[in-house]
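# sequence first, then the predicted structure, then my questions.
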Amino acid sequence: MATLKAVRGTRDLLPPETALWNHVEATARAVFARYAFGEIRTPIFEDTALFARGVGEETDIVSKEMYTWEDRARADSDSAQSLTLRPENTAGVVRAYIEHKLADTGMLQKLFYIGPQFRRERPQRGRYRQFWQIGAEVLGPSWSGADSALRDAEVLEMLSTFLNELGVKGWRLEVNSVGSSTDRPRYIAALREALAPVKHRMSADNQRRAETNPLRVLDSKAPEDQEIINGLPKIADFLDDASREHFAQVLAALDACGVSYTVNPRLVRGLDYYTRTTFEFTVTDGSGLGTQNALLGGGRYDGLSEMLGGPKAPGIGFAIGEDRLILTLQAQAEAEANGVAERKLDAFIAPMGVAQNAGALALAQELRRAGLTIEVGDGSFRLKKSFETADKLTRRMVILGEDEASSGILTVKDLITGEQTKVARADLKDFCAAASLSS
Ligand code: HAM
């Protein structure tokens with residue numbers, strides 16, 4: 001029989017690597033909390049219309065990458081609802097903002113999320129069909145200050161702090177402004193006009209995008225497209241005064257906080273909802289990722305809430321590709337330097353004979369309650385097997401035989417020096433804890 005495997009583009013995360021994932025998530029939670037963010041958890045699947053309207057029909061995500069199915073109430077029912085595994089979380093957060101009337105609080109909402117997203121992309125290193133994002137959204141009514149350039153800079157400064165606290169080396173921040181919802185159509189019209197006479201010389205993908213979504217032409221990495229792209233009109237020349245001023249304020253606040261950045265006039269990003277500030281963080285060296293892989297991306301949006309039937313709620317957000325961040329940390333070998341090395345056991349308890357199993361478990365319970373990390377063997381193991389198993393896990397083995405059980409004096413063997421010590425049961429936790437500190 002053929003063995004079953006994880007589906008292409010999905011993967012299992014196993015220990016000890018999961019310790020690094022937990023460290024990254026714990027760091028995100030700790031850093032985001034200092035900036036007054038709270039956690040939101042939205043469902044993993046939603047009505048397909050949410051993404052079609054929220055992310056945009058013409059985006060790559062909606063047009064070809066979603067996992068969508070017809071969900072019938074009953075097998076024989078004709079009525080079906082179209083559902084989709086979330087390809088990103090911004091649309092879900094804005095839906096929840098509307099559904100729970102968070103606007104009524106009048107307060108700026110600062111929400112973060114950590115969870116899997118699903119896109120039917122061609123799998124490769126750093127690109128999966130189920131991948132994890134750590135993201136956040138800052139949104140609210142205009143009077144809550146949600147429009148302010150201060151928020152853009154705050155989010156970017158928070159991300160730089162997060163990457164620095166994790167010890168990511170060589171990150172680069174690229175920023176741009178894609179203008180207001182009135183600037184963009186003027187720019188898109190100009191792009192279309194400029195592309196019309198030259199698009200036949202571009203890659204097949206770009207010929208299609210030139211028709212459907214000209215902004216995405218700027219994203220192309222195809223070498224044959226670069227010269228043409230460099231000659232196209234720049235969004236910066238189409239910004240109205242308010243957008244220009246907003247972008248200048250973002251950059252000034254980044255300067256004031258000492259966050260370094262590069263303005264990349266081609267950075268438009270692939271989702272329809274962006275207005276004004278857009279950004280990406282990449283890792284230039286030692287990331288283990290190809291150059292095409294952004295570590296994280298995001299931007300400002302205005303109109304998304306209205307598109308989903310809600311009140312005006314401008315916002316800014318980002319999503320970090322957690323898989324890519326982990327690959328980067330591993331490639332940069334930061335894990336150990338940050339003390340994320342797998343926690344070593346404090347002791348291994350070896351029951352001598354099945355009759356000692358229950359007592360061994362009770363002893364383990366006592367030591368674990370005292371905060372020690374303990375593994376228990378099994379009374380069916382021969383002594384040699386107990387030694388071999390303990391040796392792979394720790395340097396201390398506690399022997400629990402009939403004599404030890406009745407006398408309350410246990411034998412602790414140091415597996416490196418070979419030394420055996422008799423320790424009273426009541427002193428065992430202090431003995432193991434002290435020995436762990438010195439080993
Ligand atoms: P996005 O650029 O589509 O933006 O994704 C953000 C990040 O998720 C990417 O920079 C990348 O690191 C990671 N990512 C995307 N697709 C994959 C994949 N197939 N495998 C591994 N990692 C991937 C968004 O999703 C927006 N919702 C971000 C946002 C929030 N904008 C405003 N608020």
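Received the coordinates, thanks.

# near the ligand, which residues of this structure?
88-90, 119, 121, 126-128, 131, 133, 135, 137, 271, 294-299, 317-319, 321, 323-324 (Cβ under 6 Å from any ligand atom). The C-beta positions use only the backbone N, C-alpha and C, and glycine is treated the same way.

# show me which of those residues are buried.
The neighbour count (16 or more other Cβ atoms under 10 Å) marks 88-90, 119, 121, 126-128, 131, 133, 135, 137, 271, 294-299, 317-319, 321, 323-324 as buried among those.

# now, which of those residues lie within strands?
Phe131, Gln133, Gly135, Glu137, Leu296, Gly297, Gly298, Gly299, Gly317, Phe318, Ala319, Gly321 (DSSP state E).

# beta partners for the fourth one?
With beta bridges defined as DSSP bridges, Glu137 has these partners: Leu111, Gly317.

# okay if I get the ones in strands among the buried ones among the residues of the chain next to the ligand as CSV plus pLDDT?
Formatted as CSV, these follow (pLDDT from 0 to 100):
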residue, pLDDT
Phe131, 98
Gln133, 98
Gly135, 98
Glu137, 98
Leu296, 97
Gly297, 96
Gly298, 97
Gly299, 97
Gly317, 98
Phe318, 98
Ala319, 98
Gly321, 97
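
# any chance of these in a markdown table, plus distance to Phe431?
Shown next, in a markdown table, are these (distance: Cβ to Cβ, whole Å):
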| residue | distance to Phe431 |
| --- | --- |
| Phe131 | 46 |
| Gln133 | 45 |
| Gly135 | 46 |
| Glu137 | 51 |
| Leu296 | 47 |
| Gly297 | 52 |
| Gly298 | 52 |
| Gly299 | 57 |
| Gly317 | 51 |
| Phe318 | 49 |
| Ala319 | 48 |
| Gly321 | 46 |
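
# between the residues you listed, which is closest to Gly179?
Nearest to Gly179 among those: Gly299, at 11.5 Å, using Cβ to Cβ.

# is the residue nearest to the closest one when sequence neighbours are not counted in a helix, a strand, or coil?
Using Cβ to Cβ, 6 or more residues apart in numbering and skipping the chain neighbours, the partner closest in space to Gly299 is Thr278 (3.7 Å). When classified by DSSP: H, G, I helix; E, B strand; the rest coil, Thr278 comes out as strand.

# for the residue in the stretch 101-250 of the chain that the ligand sits nearest to, list each beta-bridge partner.
Relative to the ligand, the nearest point of the stretch 101-250 of the chain is Phe131 (3.4 Å; Cβ to the nearest ligand atom). Beta bridges link Phe131 to Gln117, judged by DSSP bridges.

# Thr284 and the ligand, how far apart?
Going from Thr284 to the ligand by Cβ to the nearest ligand atom, to the nearest Å gives 15 Å.

# which residues touch that residue?
Gly170, Trp171, Arg172 (Cβ atoms under 8 Å, 6 or more residues apart in numbering).

# between the residues you listed, which is nearest Leu239?
Nearest to Leu239 among the contacts of Thr284, with distances taken as Cβ to Cβ, is Arg172, at 23.2 Å.

# do I have it right that that closest one meets Leu295?
No: checked against Cβ atoms under 8 Å, the pair Arg172 and Leu295 is beyond contact range at 9.4 Å.

# which residues do these two both contact?
Common neighbours of Arg172 and Leu295 (Cβ under 8 Å, 6+ apart) are Phe281, Thr282, Val283.

# out of these, which is nearest to the ligand?
Closest to the ligand, out of all of the shared contacts of Arg172 and Leu295 and judged by Cβ to the nearest ligand atom, is Phe281, at 8.0 Å.

# show me the beta-bridge partners of the residue in the chain positioned nearest to the ligand.
Nearest residue of the chain to the ligand, counting by Cβ to the nearest ligand atom: Gly321, 2.1 Å away. Note on Gly321: beta-bridge partners by DSSP bridges are Gln133.

# so it sits against Tyr128, correct?
No: assessed by Cβ under 8 Å, Gly321 is found out of contact with Tyr128, at 9.4 Å.

# what's around Ser38, how many residues?
Check again: residue 38 is Gly, not Ser. 11 (other Cβ atoms under 10 Å).

# now, the shared contacts of Arg172 and Leu295 that are in strands?
Among these, the ones falling in strands (DSSP E) are Phe281, Thr282, Val283.

# what's the burial count for Gly170?
Quick note: Gly170 (other Cβ under 10 Å) scores 13 neighbours.
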